[in-house]
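In: Quick one, what's the 3D model for this:
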Amino acid sequence: PIRITLVKKGEAEGVLDRLKAPLTVETILKKLPINSRVSPSMGFVSVILEIKRGTEKPVNKVKAGTIAYWPRGDALCIYPKDFNPYGPVNRIGEITDNLELFEKVRSGTRIIIEKT
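Out: Next comes the predicted model:
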């Protein structure tokens, strides 16, 4: 389980699932906690990770609540709605509580992702 805090906005809960993309999830877990700033895009919120992983069980369509790693952008992405990503992504988990928090995030908002 993970906690995702958007500073001065609120918190959401989620899980990272090693079965979906074991190497990617393991690399991200070693990097936690992540303290960065978000870059919201049309349809998703992303955080640059600087882990440089390739595709692992990639998908081209995600459901609302999906947490994914986008290899081309080297970013962790959170999708508040169903979405067709700009390239293949590795599904790594899902938001389990307070998904609506990510619908109106502004660029530069500080984000903290940590194990719970």
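
In: Please make it C-alpha for all contacts and neighbour counts, starting now.
Out: Will do.

In: In the chain, where's the longest strand?
Out: strand 89-97 (DSSP state E).

In: mind listing what that strand pairs with, with the direction of each?
Out: strand 10-16 (antiparallel), strand 58-59 (antiparallel), strand 66-70 (antiparallel) (DSSP bridges).

In: for the ones you listed, which one sits closest to residue 98?
Out: strand 10-16 (5.0 Å; C-alpha to C-alpha).

In: Touching that closest one from outside, list them.
Out: Defining contact as C-alpha atoms under 8 Å, 6 or more residues apart in numbering, one finds that strand 10-16 is touched by 1-5, 25, 67, 92-99, 101.

In: quick one: contacts of the lowest-mean-pLDDT helix or strand in the chain?
Out: Within the chain, no helix or strand scores below strand 39-41, which has a mean of 87 by mean pLDDT, DSSP states H and E. With C-alpha under 8 Å, 6+ apart as the contact definition, strand 39-41 has outside contacts at 45, 46, 47, 105, 106, 107, 108.

In: Of these, grab the buried ones for PyMOL.
Out: Buried members of the contacts of strand 39-41 can be picked out in PyMOL with the line below, counting by 16 or more other C-alpha atoms under 10 Å:
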select buried, resi 45+46+47+105
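
In: The helix or strand following the least confident helix or strand of the chain pairs with which strands, parallel or anti?
Out: Where DSSP states H and E defines the elements, the next helix or strand beyond strand 39-41 is strand 44-48. Its sheet considered, strand 44-48 pairs with strand 39-41 (antiparallel), strand 75-78 (antiparallel) by DSSP bridges.

In: Which of those has the highest mean neighbour count?
Out: Stretch with highest mean neighbour count among the strands paired with strand 44-48: strand 75-78 (a mean of 24; mean count of other C-alpha atoms under 10 Å).

In: buried residues in the longest strand of the chain?
Out: 89, 90, 91, 92, 93, 94, 95.

In: how much space between the nearest residue to the fourth one once chain neighbours are set aside and residue 75?
Out: Nearest in space to residue 92, with sequence neighbours left out and distances taken as C-alpha to C-alpha, 6 or more residues apart in numbering, is residue 68 at 5.1 Å. As judged by C-alpha to C-alpha, to the nearest Å, residue 68 and residue 75 stand 8 Å apart.
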